[in-house]
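K.L.:
for reference, the sequence and a predicted model appear below.
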Amino acid sequence: MQKKSPVLVTAGAGYIGSHVALALLDAGWPVVVLDDLSTGFETLVPSQATFVRGDVGDRQLVGHMFRDHGIEAIVHLAGSIVVSESVAHPLRYYENNTARSCALIEAAVESGMAHFLFSSTAAVYGSPERVPISETDPTSPINPYGQSKLMIETMLADAAKAHGFNYCALRYFNVAGADPQGRSGQLTDSATHLIKIAAEAAVGRRAHVEIYGEDYPTPDGTAVRDYIHVADLAAAHVRALEKLVADPGTSRVLNCGYGRGYSVREVLDSVDRVAGRPVARRPGPRRAGDPPILVADNRRILAELGWTPRFDDLDGIVADALAWERRQLPGAAAAAVPLTMTR
(Lines give C-alpha, C1' and ligand atoms only; values in the text may rest on other atoms or scores of the structure.)
Protein backbone atom coordinates (compact mmCIF):
# COMPACT_ATOMS: atom_id res chain seq x y z
CA MET A 1 0.00 0.00 0.00
CA GLN A 2 1.38 3.40 -0.99
CA LYS A 3 -1.00 5.23 1.30
CA LYS A 4 -3.09 4.42 4.32
CA SER A 5 -5.89 2.43 2.72
CA PRO A 6 -8.97 1.31 4.65
CA VAL A 7 -8.49 -1.40 7.28
CA LEU A 8 -11.15 -3.95 8.23
CA VAL A 9 -11.44 -4.42 11.99
CA THR A 10 -13.55 -7.43 12.94
CA ALA A 11 -15.27 -7.22 16.35
CA GLY A 12 -14.64 -3.48 16.32
CA ALA A 13 -17.72 -2.98 18.50
CA GLY A 14 -16.12 -5.00 21.28
CA TYR A 15 -13.78 -4.15 24.13
CA ILE A 16 -10.42 -4.66 22.45
CA GLY A 17 -11.69 -4.03 18.93
CA SER A 18 -13.03 -0.57 19.73
CA HIS A 19 -9.68 0.43 21.23
CA VAL A 20 -7.83 -0.91 18.19
CA ALA A 21 -10.18 1.01 15.90
CA LEU A 22 -9.55 4.20 17.89
CA ALA A 23 -5.77 3.72 17.74
CA LEU A 24 -5.85 3.13 13.98
CA LEU A 25 -8.00 6.20 13.42
CA ASP A 26 -5.73 8.26 15.65
CA ALA A 27 -2.81 7.14 13.46
CA GLY A 28 -4.60 8.18 10.26
CA TRP A 29 -5.91 4.81 9.03
CA PRO A 30 -9.46 4.72 7.63
CA VAL A 31 -11.37 1.99 9.51
CA VAL A 32 -14.28 -0.24 8.54
CA VAL A 33 -15.76 -2.21 11.45
CA LEU A 34 -17.51 -5.55 10.98
CA ASP A 35 -19.35 -6.87 14.03
CA ASP A 36 -22.48 -8.98 14.50
CA LEU A 37 -23.14 -7.31 17.90
CA SER A 38 -23.58 -10.69 19.59
CA THR A 39 -21.25 -9.45 22.33
CA GLY A 40 -20.32 -6.00 21.03
CA PHE A 41 -22.04 -2.64 21.32
CA GLU A 42 -22.60 -0.24 18.46
CA THR A 43 -22.06 2.63 20.89
CA LEU A 44 -18.40 1.57 21.17
CA VAL A 45 -17.77 1.89 17.42
CA PRO A 46 -15.87 5.16 16.86
CA SER A 47 -17.95 7.73 15.03
CA GLN A 48 -15.22 8.18 12.38
CA ALA A 49 -15.36 4.48 11.43
CA THR A 50 -17.69 2.89 8.91
CA PHE A 51 -19.82 0.24 10.61
CA VAL A 52 -21.25 -2.89 8.99
CA ARG A 53 -23.30 -5.35 11.02
CA GLY A 54 -22.60 -8.89 9.96
CA ASP A 55 -20.80 -12.20 10.43
CA VAL A 56 -17.09 -12.61 9.69
CA GLY A 57 -17.92 -16.07 8.37
CA ASP A 58 -20.19 -14.65 5.66
CA ARG A 59 -17.81 -14.84 2.70
CA GLN A 60 -20.16 -13.07 0.32
CA LEU A 61 -20.65 -10.12 2.68
CA VAL A 62 -16.96 -9.87 3.44
CA GLY A 63 -16.05 -10.03 -0.23
CA HIS A 64 -18.43 -7.18 -1.01
CA MET A 65 -16.91 -5.15 1.83
CA PHE A 66 -13.41 -5.64 0.49
CA ARG A 67 -14.47 -4.37 -2.94
CA ASP A 68 -16.83 -1.60 -1.82
CA HIS A 69 -14.42 -0.03 0.68
CA GLY A 70 -11.09 -0.73 -0.99
CA ILE A 71 -9.83 -2.68 2.03
CA GLU A 72 -6.25 -3.89 1.81
CA ALA A 73 -5.61 -5.11 5.36
CA ILE A 74 -7.53 -7.04 8.01
CA VAL A 75 -7.27 -6.80 11.78
CA HIS A 76 -9.13 -9.90 12.94
CA LEU A 77 -10.29 -9.83 16.56
CA ALA A 78 -13.66 -11.58 16.34
CA GLY A 79 -14.13 -14.76 18.37
CA SER A 80 -15.19 -16.32 21.64
CA ILE A 81 -12.69 -15.90 24.47
CA VAL A 82 -13.90 -17.48 27.74
CA VAL A 83 -11.60 -20.36 28.70
CA SER A 84 -14.01 -22.21 31.01
CA GLU A 85 -16.84 -21.88 28.47
CA SER A 86 -14.59 -23.39 25.80
CA VAL A 87 -14.04 -26.43 28.02
CA ALA A 88 -17.79 -26.88 28.45
CA HIS A 89 -18.65 -26.15 24.79
CA PRO A 90 -15.59 -26.99 22.68
CA LEU A 91 -17.37 -27.43 19.35
CA ARG A 92 -18.94 -23.98 19.70
CA TYR A 93 -15.42 -22.55 19.94
CA TYR A 94 -14.10 -24.47 16.96
CA GLU A 95 -17.09 -23.28 14.94
CA ASN A 96 -17.07 -19.65 16.03
CA ASN A 97 -13.32 -19.15 16.18
CA THR A 98 -11.67 -21.59 13.81
CA ALA A 99 -14.30 -22.24 11.12
CA ARG A 100 -15.37 -18.61 10.79
CA SER A 101 -11.76 -17.49 10.66
CA CYS A 102 -11.14 -20.01 7.90
CA ALA A 103 -13.99 -18.45 5.91
CA LEU A 104 -12.54 -14.98 6.48
CA ILE A 105 -9.07 -16.09 5.36
CA GLU A 106 -10.58 -17.69 2.25
CA ALA A 107 -12.39 -14.44 1.42
CA ALA A 108 -9.15 -12.53 1.96
CA VAL A 109 -7.26 -14.84 -0.39
CA GLU A 110 -9.96 -14.57 -3.05
CA SER A 111 -9.78 -10.78 -2.93
CA GLY A 112 -5.98 -10.64 -3.01
CA MET A 113 -5.69 -9.20 0.50
CA ALA A 114 -2.12 -8.13 1.24
CA HIS A 115 -1.92 -8.05 5.05
CA PHE A 116 -3.61 -9.94 7.88
CA LEU A 117 -3.20 -9.04 11.57
CA PHE A 118 -4.59 -11.66 13.94
CA SER A 119 -5.63 -11.51 17.58
CA SER A 120 -4.11 -14.64 19.12
CA THR A 121 -3.57 -15.53 22.76
CA ALA A 122 -1.06 -16.71 25.35
CA ALA A 123 -3.41 -19.66 25.86
CA VAL A 124 -1.65 -21.35 22.93
CA TYR A 125 1.23 -22.11 25.34
CA GLY A 126 -0.91 -24.11 27.76
CA SER A 127 0.92 -24.62 31.07
CA PRO A 128 4.37 -23.38 30.11
CA GLU A 129 7.51 -25.23 31.09
CA ARG A 130 9.19 -21.94 31.99
CA VAL A 131 8.40 -18.25 32.45
CA PRO A 132 8.68 -15.76 30.97
CA ILE A 133 7.37 -17.46 27.82
CA SER A 134 9.13 -16.96 24.50
CA GLU A 135 7.51 -17.22 21.06
CA THR A 136 9.80 -20.18 20.36
CA ASP A 137 8.60 -22.14 23.40
CA PRO A 138 6.33 -25.15 22.79
CA THR A 139 2.65 -24.53 22.03
CA SER A 140 0.47 -27.04 23.84
CA PRO A 141 -2.96 -25.60 24.66
CA ILE A 142 -4.82 -27.08 27.62
CA ASN A 143 -8.24 -25.75 26.60
CA PRO A 144 -10.26 -25.53 23.36
CA TYR A 145 -10.01 -21.74 23.35
CA GLY A 146 -6.23 -21.86 23.06
CA GLN A 147 -6.41 -24.75 20.60
CA SER A 148 -8.87 -22.88 18.38
CA LYS A 149 -6.54 -19.89 18.23
CA LEU A 150 -3.48 -22.03 17.50
CA MET A 151 -5.35 -23.66 14.62
CA ILE A 152 -5.98 -20.21 13.15
CA GLU A 153 -2.28 -19.38 13.44
CA THR A 154 -1.52 -22.59 11.53
CA MET A 155 -4.06 -21.75 8.83
CA LEU A 156 -2.56 -18.29 8.41
CA ALA A 157 1.00 -19.66 8.13
CA ASP A 158 -0.02 -22.20 5.48
CA ALA A 159 -2.21 -19.78 3.54
CA ALA A 160 0.42 -17.03 3.57
CA LYS A 161 2.98 -19.41 2.06
CA ALA A 162 0.54 -20.59 -0.58
CA HIS A 163 -1.02 -17.26 -1.53
CA GLY A 164 1.60 -14.59 -0.99
CA PHE A 165 0.20 -12.37 1.74
CA ASN A 166 1.91 -11.62 5.05
CA TYR A 167 0.46 -11.85 8.53
CA CYS A 168 1.21 -11.08 12.14
CA ALA A 169 -0.24 -13.03 15.07
CA LEU A 170 -0.18 -11.08 18.32
CA ARG A 171 -0.36 -13.42 21.28
CA TYR A 172 -2.17 -11.39 23.92
CA PHE A 173 -1.54 -11.86 27.58
CA ASN A 174 -4.17 -10.45 30.00
CA VAL A 175 -5.74 -7.29 28.62
CA ALA A 176 -7.22 -4.80 31.07
CA GLY A 177 -7.95 -1.12 31.68
CA ALA A 178 -9.81 1.34 29.48
CA ASP A 179 -9.04 4.18 27.10
CA PRO A 180 -7.26 6.88 29.17
CA GLN A 181 -9.36 9.52 27.36
CA GLY A 182 -12.57 7.76 28.41
CA ARG A 183 -13.67 7.00 24.86
CA SER A 184 -14.08 3.24 25.31
CA GLY A 185 -13.99 0.45 27.86
CA GLN A 186 -15.50 -2.91 28.67
CA LEU A 187 -19.31 -2.92 28.71
CA THR A 188 -20.23 -6.61 28.99
CA ASP A 189 -22.42 -7.65 31.91
CA SER A 190 -20.91 -11.16 31.96
CA ALA A 191 -17.24 -10.26 32.40
CA THR A 192 -14.72 -12.94 33.34
CA HIS A 193 -11.57 -10.78 33.45
CA LEU A 194 -10.28 -10.09 36.95
CA ILE A 195 -9.64 -6.33 36.78
CA LYS A 196 -13.01 -5.66 35.15
CA ILE A 197 -14.79 -7.74 37.82
CA ALA A 198 -12.85 -6.13 40.66
CA ALA A 199 -13.57 -2.64 39.31
CA GLU A 200 -17.28 -3.47 39.20
CA ALA A 201 -17.09 -4.58 42.83
CA ALA A 202 -15.24 -1.41 43.79
CA VAL A 203 -18.04 0.80 42.42
CA GLY A 204 -20.80 -1.32 43.98
CA ARG A 205 -21.97 -3.26 40.94
CA ARG A 206 -20.87 -6.57 42.51
CA ALA A 207 -20.95 -7.70 46.12
CA HIS A 208 -17.58 -9.44 46.02
CA VAL A 209 -14.79 -10.89 43.90
CA GLU A 210 -14.33 -14.64 43.80
CA ILE A 211 -10.76 -15.92 43.83
CA TYR A 212 -10.69 -18.99 41.60
CA GLY A 213 -8.10 -21.20 43.22
CA GLU A 214 -5.78 -20.56 46.15
CA ASP A 215 -3.64 -23.67 45.79
CA TYR A 216 -1.61 -22.89 42.68
CA PRO A 217 2.18 -23.40 42.80
CA THR A 218 2.76 -19.63 43.06
CA PRO A 219 4.10 -17.47 45.91
CA ASP A 220 0.65 -16.67 47.35
CA GLY A 221 -1.29 -19.62 45.91
CA THR A 222 -3.27 -17.60 43.37
CA ALA A 223 -2.82 -17.54 39.60
CA VAL A 224 -0.26 -15.14 38.12
CA ARG A 225 -0.86 -13.21 34.90
CA ASP A 226 0.88 -10.57 32.80
CA TYR A 227 -1.61 -7.66 32.63
CA ILE A 228 -1.31 -5.31 29.65
CA HIS A 229 -3.17 -2.02 29.30
CA VAL A 230 -5.63 -2.14 26.42
CA ALA A 231 -4.29 1.17 25.08
CA ASP A 232 -0.77 -0.27 24.83
CA LEU A 233 -2.19 -3.38 23.15
CA ALA A 234 -4.04 -1.20 20.64
CA ALA A 235 -0.84 0.74 19.92
CA ALA A 236 0.95 -2.56 19.27
CA HIS A 237 -1.63 -3.31 16.56
CA VAL A 238 -0.83 -0.04 14.83
CA ARG A 239 2.89 -0.78 14.90
CA ALA A 240 2.29 -4.34 13.69
CA LEU A 241 0.21 -3.12 10.75
CA GLU A 242 2.87 -0.57 9.84
CA LYS A 243 5.48 -3.33 9.90
CA LEU A 244 3.36 -5.62 7.72
CA VAL A 245 3.05 -2.86 5.12
CA ALA A 246 6.72 -1.85 5.28
CA ASP A 247 8.02 -5.44 5.14
CA PRO A 248 5.54 -7.39 2.97
CA GLY A 249 7.80 -10.40 2.63
CA THR A 250 7.85 -11.22 6.34
CA SER A 251 5.25 -12.68 8.69
CA ARG A 252 5.57 -12.57 12.47
CA VAL A 253 4.30 -14.16 15.68
CA LEU A 254 4.76 -11.87 18.69
CA ASN A 255 3.95 -11.98 22.38
CA CYS A 256 2.08 -8.93 23.59
CA GLY A 257 2.67 -8.39 27.29
CA TYR A 258 4.89 -6.49 29.70
CA GLY A 259 7.03 -9.35 31.01
CA ARG A 260 5.89 -8.86 34.62
CA GLY A 261 3.35 -11.06 36.38
CA TYR A 262 0.92 -10.24 39.19
CA SER A 263 -1.08 -12.67 41.28
CA VAL A 264 -4.82 -12.38 41.82
CA ARG A 265 -4.20 -11.13 45.35
CA GLU A 266 -1.72 -8.52 44.13
CA VAL A 267 -4.27 -7.24 41.63
CA LEU A 268 -6.97 -7.02 44.28
CA ASP A 269 -4.55 -5.18 46.58
CA SER A 270 -4.03 -2.67 43.76
CA VAL A 271 -7.80 -2.23 43.38
CA ASP A 272 -8.07 -1.59 47.14
CA ARG A 273 -5.33 1.06 46.93
CA VAL A 274 -6.73 2.88 43.93
CA ALA A 275 -10.37 2.70 45.04
CA GLY A 276 -9.50 3.79 48.57
CA ARG A 277 -11.44 0.97 50.18
CA PRO A 278 -11.22 -2.83 50.32
CA VAL A 279 -13.14 -5.02 47.90
CA ALA A 280 -14.74 -8.12 49.44
CA ARG A 281 -13.02 -11.37 48.44
CA ARG A 282 -14.32 -14.94 48.55
CA PRO A 283 -12.40 -18.14 47.87
CA GLY A 284 -13.59 -20.39 45.07
CA PRO A 285 -12.47 -23.47 43.17
CA ARG A 286 -10.06 -23.36 40.25
CA ARG A 287 -11.65 -22.74 36.85
CA ALA A 288 -11.27 -25.46 34.26
CA GLY A 289 -8.46 -24.81 31.81
CA ASP A 290 -6.61 -22.13 33.81
CA PRO A 291 -2.80 -22.54 34.00
CA PRO A 292 -0.97 -21.32 37.13
CA ILE A 293 1.33 -18.73 35.51
CA LEU A 294 1.40 -16.86 32.19
CA VAL A 295 4.05 -14.15 31.77
CA ALA A 296 5.42 -12.90 28.44
CA ASP A 297 8.96 -12.68 27.22
CA ASN A 298 8.34 -9.49 25.24
CA ARG A 299 11.82 -8.84 23.88
CA ARG A 300 10.86 -9.74 20.31
CA ILE A 301 7.96 -7.29 20.01
CA LEU A 302 10.04 -4.52 21.55
CA ALA A 303 12.87 -5.14 19.08
CA GLU A 304 10.91 -5.88 15.90
CA LEU A 305 8.09 -3.35 16.15
CA GLY A 306 9.76 -0.59 18.12
CA TRP A 307 6.73 -0.73 20.39
CA THR A 308 7.19 1.14 23.67
CA PRO A 309 4.53 0.63 26.36
CA ARG A 310 3.21 3.85 27.87
CA PHE A 311 0.85 2.52 30.52
CA ASP A 312 2.78 -0.40 32.08
CA ASP A 313 1.80 0.28 35.68
CA LEU A 314 -0.68 -1.94 37.50
CA ASP A 315 -2.24 0.84 39.58
CA GLY A 316 -2.61 2.92 36.44
CA ILE A 317 -4.37 0.08 34.61
CA VAL A 318 -6.71 -0.32 37.58
CA ALA A 319 -7.33 3.44 37.76
CA ASP A 320 -8.44 3.59 34.13
CA ALA A 321 -10.68 0.54 34.62
CA LEU A 322 -12.24 2.13 37.71
CA ALA A 323 -12.74 5.46 35.97
CA TRP A 324 -14.60 3.69 33.16
CA GLU A 325 -16.82 1.77 35.57
CA ARG A 326 -17.68 4.98 37.42
CA ARG A 327 -18.73 6.58 34.14
CA GLN A 328 -21.23 3.75 33.63
CA LEU A 329 -23.05 4.37 36.92
CA PRO A 330 -26.42 6.16 36.87
CA GLY A 331 -25.85 9.90 37.17
CA ALA A 332 -22.12 9.43 36.65
CA ALA A 333 -21.72 12.47 34.42
CA ALA A 334 -22.83 14.75 37.23
CA ALA A 335 -21.60 12.93 40.30
CA ALA A 336 -18.43 10.99 39.48
CA VAL A 337 -15.17 12.05 41.07
CA PRO A 338 -12.35 11.38 38.60
CA LEU A 339 -9.39 9.27 39.61
CA THR A 340 -5.98 10.81 39.12
CA MET A 341 -2.84 8.75 38.70
CA THR A 342 0.76 9.72 38.11
CA ARG A 343 2.01 7.66 35.22
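P.N.:
It's in.

K.L.:
which stretches in this protein count as helices?
P.N.:
Using DSSP state H, the helices found in the chain span residues 15-26, 59-69, 83-88, 90-93, 100-111, 144-163, 194-202, 230-246, 264-275, 299-305, 314-327, 332-335.

K.L.:
and the angle from the first one to helix 194-202?
P.N.:
Spelled out, it's helix 15-26. Angle between the axes of helix 15-26 and helix 194-202 is 100 degrees (criterion: axes from the mean of the first three to the mean of the last three Cα atoms, to 10 degrees).

K.L.:
for helix 15-26, packing partners?
P.N.:
strand 7-10, strand 31-35, helix 230-246 (3 or more Cβ pairs under 8 Å, 6 or more residues apart in numbering; DSSP states H and E). Just so you know, the C-beta spots here come from the backbone N, C-alpha and C atoms, and that holds for glycine as well.

K.L.:
Serialize the ones you listed to CSV and add fields for mean pLDDT, mean neighbour count and distance to Arg53.
P.N.:
CSV is the format used below for the helices and strands packed on helix 15-26 (pLDDT from 0 to 100; neighbours: other Cβ atoms under 10 Å; distance: least, Cβ to Cβ, whole Å):
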stretch, mean pLDDT, mean neighbour count, distance to Arg53
strand 7-10, 98, 29, 12
strand 31-35, 98, 25, 7
helix 230-246, 98, 22, 22
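
K.L.:
nearest to Arg327, out of those?
P.N.:
When these are compared by Cβ to Cβ, helix 230-246 sits nearest Arg327, at 15.3 Å.

K.L.:
isn't Met113 right up against Phe66?
P.N.:
Yes: applying Cβ atoms under 8 Å as the test, Met113 and Phe66 come out as touching, 7.0 Å apart.

K.L.:
the closest residue in space to Gly14 that isn't next to it in sequence: what's it in contact with?
P.N.:
The shortest distance from Gly14 to any residue other than its chain neighbours is 4.3 Å, reached at Gly40 (Cβ to Cβ, 6 or more residues apart in numbering). By Cβ atoms under 8 Å, 6 or more residues apart in numbering, Gly40 lies in contact with Ala11, Gly12, Ala13, Gly14, Gly17, Ser18.

K.L.:
can you redo those as CSV with distance to Arg92 and neighbour count?
P.N.:
Formatted as CSV, the contacts of Gly40 follow (distance: Cβ to Cβ, whole Å; neighbours: other Cβ atoms under 10 Å):
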residue, distance to Arg92, neighbour count
Ala11, 16, 27
Gly12, 22, 31
Ala13, 20, 28
Gly14, 18, 29
Gly17, 20, 27
Ser18, 24, 31
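
K.L.:
among those, which one lies nearest to Gly70?
P.N.:
Gly12 (17.2 Å).

K.L.:
check contacts around Ala88.
P.N.:
Ala288.

K.L.:
that one and Ala288, how far apart?
P.N.:
8 Å (Cβ to Cβ, to the nearest Å).

K.L.:
and for His229?
P.N.:
28 Å.

K.L.:
over to Gly249?
P.N.:
41 Å.

K.L.:
which one's more surrounded, those two?
P.N.:
Ala288 (14 against 6; other Cβ atoms under 10 Å).

K.L.:
the residue nearest to the more buried one when sequence neighbours are not counted: neighbour count?
P.N.:
Sequence neighbours aside, Val87 is the residue nearest to Ala288 in space, at 4.3 Å (criterion: Cβ to Cβ, 6+ apart). Other residues lying near Val87 total 17 when counted by other Cβ under 10 Å.

K.L.:
for Val87, give me the pLDDT.
P.N.:
pLDDT recorded at Val87 is 94.

K.L.:
which residues are in contact with it?
P.N.:
Asn143, Pro144, Ala288, Gly289.

K.L.:
how about CSV for the residues you listed, with pLDDT and distance to Asn298 added?
P.N.:
CSV is the format used below for the contacts of Val87 (pLDDT from 0 to 100; distance: Cβ to Cβ, whole Å):
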residue, pLDDT, distance to Asn298
Asn143, 95, 23
Pro144, 96, 26
Ala288, 85, 28
Gly289, 85, 24
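
K.L.:
farthest-apart pair in those residues, please.
P.N.:
Top of the distance list for these (Cβ to Cβ): Pro144 and Ala288, 10.5 Å.
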